[in-house]
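Visitor: Provide a 3D model corresponding to the input given below.
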Amino acid sequence: MAADISKTIHGSLVSIFDRGILIVGEPGSGKSTLCLGSLRRGHKLVADDAVELTRAGGRLTGKAPEIISGLIEIRDVGIVDVREICGRGRFRPESTVDLCVKLVAFPADELTNPSELTVPILGIDIPLLTFAGSITSSVTLENAVKAFRGDSVFSQALVTRDVHCREVHAFHSLS
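Guide: Down below sits the predicted model:
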């Protein structure tokens, strides 16, 4: 049996509809803001700013380093405990990593490179979606997760170019 492999990365991890969404991007790209929006929509924070990733067998899991577990940084406010401001039900100590969302600067010439539909993390290929960080909302992220988990007309997120916002959209059924 292979030994577990671990590493810590700069990013955030949220649980949306029980799917672990790893959010990565440059500092200031909107990772924590996207997490806060997801919390407001009833989802759960797993880690903010740093994510300890572990591969065990064919699964990738993530959690916050113990020293920052349950904490999130809010711009112009500081570091707060999610369990105190949102309630204990808005924090999850660990999650699988089911989808990676990469936030890039806006405007971006290319938001999605067709050759980058997955990202290898600790030897496991994780599905990848790329969004313009400054204009991506928690609703867009939620819809991407719905499409990803098969709750939509399409079995995966479809990539379109919107002339005005040039954002990747995940389409879901209207029913």
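Visitor: okay, CA-based contacts and neighbour counts for the rest of this
Guide: Will do.
Visitor: From residue 89, how far out is residue 62?
Guide: 18 Å (C-alpha to C-alpha, to the nearest Å).
Visitor: Compare the two (neighbour count), which wins?
Guide: residue 62 (28 against 12; other C-alpha atoms under 10 Å).
Visitor: For the least confident helix or strand in the chain by mean pLDDT, list the C-alpha coordinates in PDB.
Guide: The weakest-scoring helix or strand in the chain, judged by mean pLDDT, DSSP states H and E, is helix 138-148 (a mean of 76). Below are the C-alpha coordinates for helix 138-148, written out as PDB (Å, rounded to 0.1, in the frame of the first residue of the first chain):
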ATOM      1  CA  SER A 138     -20.700  32.800  -5.600                       C
ATOM      2  CA  VAL A 139     -23.800  32.200  -7.800                       C
ATOM      3  CA  THR A 140     -21.600  31.500 -10.800                       C
ATOM      4  CA  LEU A 141     -19.500  29.100  -8.700                       C
ATOM      5  CA  GLU A 142     -22.600  27.400  -7.400                       C
ATOM      6  CA  ASN A 143     -23.900  26.900 -10.900                       C
ATOM      7  CA  ALA A 144     -20.600  25.500 -12.000                       C
ATOM      8  CA  VAL A 145     -20.800  22.900  -9.200                       C
ATOM      9  CA  LYS A 146     -24.300  22.000 -10.200                       C
ATOM     10  CA  ALA A 147     -23.200  21.500 -13.800                       C
ATOM     11  CA  PHE A 148     -20.100  19.600 -12.600                       C
END
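Visitor: Who are the packing partners of that helix?
Guide: Contacts defined by 3 or more C-alpha pairs under 8 Å, 6 or more residues apart in numbering; DSSP states H and E place helix 138-148 against helix 31-40.
Visitor: how about the CA coordinates for the helix or strand that the helix it packs on is followed by, as PDB?
Guide: Per DSSP states H and E, the first helix or strand lying C-terminal to helix 31-40 is strand 44-47. C-alpha atoms of strand 44-47 as PDB (Å, rounded to 0.1, in the frame of the first residue of the first chain):
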ATOM      1  CA  LYS A  44     -19.200  25.600   4.200                       C
ATOM      2  CA  LEU A  45     -15.700  26.900   4.600                       C
ATOM      3  CA  VAL A  46     -13.000  24.200   4.900                       C
ATOM      4  CA  ALA A  47      -9.800  26.400   4.600                       C
END
